[in-house]
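Q: below is the sequence, then the predicted model.
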Amino acid sequence: MATRRQFLKVGLAAGALLAGAGWLAFRGGRAPGPGYQWLDARSAAIVKALVPAVLAGSLPVSPDARREAVRETVAAFDRAVAGLSPAIQAEIAQLFALLGNGAGRFVVAGVRSAWAEAREDEVSAFLHRWRTSRFGLLRAGYQALTQLLQASWYGNPASWARIGYPGPPSLGGTPS
């Protein structure tokens, strides 16, 4: 069990790390990357690394179809975040600033390599640590990332056949 002193040290370190991430997120403003409404290039790389770990077993097996599914999910994630309130977008930007920073990625996520080179098992381990963390902030980050990614994938008609969903009912019936 952690002592009060250890708890305070971890709390102060986490607070400083989050403050630094916030500063990094807003120091020069953020501009969407090419082809995105909200995601910048670094955030898009993080989302792209998260997709296979979050959607393990749900993505197509064929490499080409899998690549396309990941691309579509990242684009849908971008559209979803672009539609959120500015306050929530700011929180997500802080989370991506923390994860996008090399030190933050290693210290907070435990991912050693750059997101573009991160292995699926390494990303899955990071997500598992956040899901089971005793810190509510990390669990909230896990929930935000995974729920947005799952909604982005399962909102895509390409995913429906894999789960046996025929699609929404047609509302254009014949007039009586």
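A: Everything's here; your move.
Q: in what element of secondary structure is P168 found?
A: Assessed by DSSP states H and E, P168 sits outside every helix and strand.
Q: next, count neighbours for it.
A: 8 (other Cβ atoms under 10 Å). Quick note: C-beta positions are derived from backbone N, CA and C, even for glycine.
Q: what residues are up against it?
A: By Cβ atoms under 8 Å, 6 or more residues apart in numbering, the contact set of P168 is empty.
Q: and what of G110?
A: By Cβ under 8 Å, 6+ apart, the contact set of G110 is E122, A125, F126, R129.
Q: need the phi and psi values for the second one.
A: When quoted as degrees, to the nearest 10, the phi and psi of A125 stand at phi -60, psi -40.
Q: and what of the last one?
A: Phi and psi for R129, reported as degrees, to the nearest 10, are phi -60, psi -40.
Q: try the one 3 residues further on
A: T132 adopts backbone torsions of phi -100, psi 10, taken as degrees, to the nearest 10.
Q: and it, how far from L138?
A: If you measure T132 against L138 using Cβ to Cβ, to the nearest Å, the figure is 9 Å.
Q: V74 reaches A49, doesn't it?
A: No: counting by Cβ atoms under 8 Å, A49 is not a contact partner of V74; they are 10.0 Å apart.
Q: spatially central residue for this protein, please.
A: Ranked by distance to the mean C-alpha position of the chain (Cα atoms, centre = their mean), the top residue is L145 at 3.7 Å.
Q: nearest spatial neighbour of that residue, chain-adjacent residues omitted?
A: L50 (6.2 Å; Cβ to Cβ, 6 or more residues apart in numbering).
Q: per-residue pLDDT, the one you found?
A: pLDDT, L50: 97.
Q: sorry, back to before: closest to G57 out of the contacts of G110?
A: Nearest to G57 among the contacts of G110: A125, at 16.7 Å, using Cβ to Cβ.
Q: please name the nearest non-neighbouring residue to the closest one.
A: G110 (6.8 Å).
Q: next one: P166
A: In space, P166 is closest to W160, 7.2 Å off (Cβ to Cβ, 6+ apart).
Q: and that neighbour, how close does it get to A75?
A: Using Cβ to Cβ, W160 is found at 17 Å from A75.
Q: who's more crowded, those two?
A: Taking other Cβ under 10 Å, W160 and A75 do not tie; A75 has more neighbours (18 against 14).
Q: just the pLDDT for that one.
A: pLDDT, read off for A75, is 96.
Q: buried ones in the helix or strand Q89 falls within?
A: Assigned by DSSP H and E, Q89 belongs to helix 86-100. By 16 or more other Cβ atoms under 10 Å, the buried positions in helix 86-100 come out as E91, I92, A93, Q94, L95, F96, A97, L98, L99, G100.
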